[in-house]
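Asks: need a structure here:
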Amino acid sequence: MGGNQTLITQFILLGFPLSPRMQMLLFALFSLFYAFTLLGNGTILGLICLDSRLHTPMYFFLSHLAIVDIAYACNTVPQMLVNLMDPAKPISFAGCMTQTFLFLTFAHTECLLLVVMSYDRYVAICHPLRYTAIMSWRVCVILVLTSWILGVLLALVHLVLLLPLPFCGSQKVNHFFCEIIAVLKLACSDTRINELMVLAGAVSVLVGPFSSIVVSYAHILCAILKIKSQQGRQKAFSTCSSHLCVVGLFYGTAIVMYIGPQHGKSNEQKKYLLLFHSLFNPMLNPLIYSLRNKEVKSALKRTLLKEDTS
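Replies: Predicted coordinates for the structure are as follows:
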């Protein structure tokens, strides 16, 4: 056993078992989506930095969400594209562990950032007169730093439990990246503690935060319904609709993947669901915020007009 453990220095990512022609098609398609993800989130970041009217807590949080989405995609998509071109090309053990750690870090951080953003909307709509006092820049920075630090620490717990495991026999990871559940299946020792921690982590960063978001929006809905003017209600709804779309996409797919059953035929379906989660979500987020948000569209127009006149 000890000899086998020392030989395990790399893994093979199985990805998607498709014909070479289909793999080439997916390579072109996913490369396009990846470019849109980087372009869309980069544009959001650029607009928030360049336009002083977007220097508000809401867009400060949105800028960090864009950073997470870029990092999310950069962590998983390039390796997936490599495997589509050369399915037999391995990933090193260290590279696999790093990818697992980074994916968990960004996933946890995004969960917590979405909670912070819902709290921001709650304060803005339910306590508008006290908004600037409650959501000071000091508070905003603390909330964002807390999200990042907790994201790293929670991912570190999984990594510390994963690294000592012995890996022997098959080195083939049935996924398009080093997803923690898929990697655990290759360990040749008892992984019940690891699986329990994955479930506990999912419950703590998905169910708990999602419940707090639901409570926040219940209060927001009550506050909006009390607004007498229809224009006021529409403005309040418009500030929340983009965030609600992103929350639905992110939490919906994540809860199904990590809190649903981890065994059986549904596992293959979860691989494709995680593809949506790690590739399409980061691409759709900037589209949702730009297409449904008048302030972002106005900032884009102002930036483009400045470039034309210069």
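Asks: ok, and for the strand ranked longest in the chain, which residues are buried?
Replies: Scanning the chain for the longest strand, with DSSP state E as the assignment, gives strand 10-13. Buried residues in strand 10-13, counted by 16 or more other Cβ atoms under 10 Å: F11, L13. All C-beta spots, glycine's among them, are computed from the backbone N, C-alpha and C.
Asks: helices or strands up against it?
Replies: Judged by 3 or more Cβ pairs under 8 Å, 6 or more residues apart in numbering; DSSP states H and E, the packing partners of strand 10-13 are helix 57-85, strand 91-92, helix 93-126, strand 172-173.
Asks: what about the spatially closest residue to K172 that is not a sequence neighbour, distance to V82?
Replies: Ranked by Cβ to Cβ, 6 or more residues apart in numbering and with sequence neighbours excluded, the top spatial neighbour of K172 is I12, at 4.8 Å. The gap separating I12 from V82 is 12 Å, by Cβ to Cβ, to the nearest Å.
Asks: Mind jotting down where the helices sit in this structure?
Replies: All helices of the chain, identified by DSSP state H, fall at 2-7, 20-50, 57-85, 93-126, 131-134, 137-162, 180-184, 192-202, 208-225, 230-259, 266-275, 281-291, 294-309.
Asks: Compute the number of surrounding residues for the nearest residue to V246 once chain neighbours are set aside.
Replies: Nearest non-adjacent residue to V246, counting by Cβ to Cβ, 6+ apart: N285, 5.5 Å away. Taking other Cβ atoms under 10 Å as the criterion, the count of residues near N285 is 26.
Asks: is it true that N285 touches D69?
Replies: Yes. Here N285 reaches D69: they are 5.5 Å apart, a contact under Cβ atoms under 8 Å.
Asks: Common neighbours of the two, please.
Replies: Any residue near both N285 and D69 by Cβ atoms under 8 Å, 6 or more residues apart in numbering counts here, and that gives N41.
Asks: gap between L143 and S241?
Replies: If you measure L143 against S241 using Cβ to Cβ, the figure is 22 Å.
Asks: who has more neighbours, those two?
Replies: Neighbour tally, L143 and S241, criterion other Cβ under 10 Å: the higher count belongs to L143, 21 against 13.
Asks: Quick one: low-confidence residue ranges for this structure.
Replies: The model of the chain has pLDDT under 70 over residues 1-8, 169, 239, 260-268, 291-292, 307-310.
Asks: one more time with 80, if that's ok
Replies: 1-9, 17, 87-88, 168-170, 227-243, 253, 255-273, 277, 288-310 (pLDDT under 80).
Asks: CA-only coordinates of the longest strand of the chain in CSV, if you can.
Replies: Output in CSV follows, covering the C-alpha atoms of strand 10-13 (Å, rounded to 0.1, in the frame of the first residue of the first chain):
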residue,chain,number,x,y,z
GLN,A,10,-1.1,12.5,-11.2
PHE,A,11,-4.8,12.0,-12.1
ILE,A,12,-6.6,11.6,-15.4
LEU,A,13,-9.8,13.7,-15.8
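Asks: how far is that strand from where the chain is centred?
Replies: 24 Å (Cα atoms, centre = their mean, to the nearest Å).
Asks: coming back round to it: tell me which of the helices and strands packed on strand 10-13 approaches F210 most closely.
Replies: helix 93-126 (8.3 Å; Cβ to Cβ).
Asks: which strands and helices sit next to that closest one?
Replies: strand 10-13, helix 57-85, helix 131-134, helix 137-162, helix 180-184, helix 208-225, helix 230-259.
Asks: Adding distance to L29, write these out as a markdown table.
Replies: What follows is these, written out as a markdown table (distance: least, Cβ to Cβ, whole Å):
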| stretch | distance to L29 |
| --- | --- |
| strand 10-13 | 18 |
| helix 57-85 | 10 |
| helix 131-134 | 43 |
| helix 137-162 | 29 |
| helix 180-184 | 23 |
| helix 208-225 | 31 |
| helix 230-259 | 19 |
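Asks: Near S238, how many other residues are there?
Replies: With other Cβ under 10 Å as criterion, S238 counts 13.
Asks: Over to L284?
Replies: 20.
Asks: Kindly report the same for the one 3 residues further on.
Replies: L287 has 13 neighbouring residues, counting by other Cβ under 10 Å.
Asks: Not counting its neighbours along the chain, what's nearest it?
Replies: Residue nearest to L287 in three dimensions, not counting chain neighbours: G40, with 6.2 Å by Cβ to Cβ, 6+ apart.
Asks: what's around that neighbour, how many residues?
Replies: 22.
Asks: if I look at L206, how far off is S242?
Replies: 21 Å.
Asks: And for P209?
Replies: According to Cβ to Cβ, P209 and S242 sit 18 Å apart.
Asks: hmm, back to that, relative to G46, how far out is the residue nearest to L287?
Replies: Applying Cβ to Cβ to G40 and G46 gives a distance of 11 Å.
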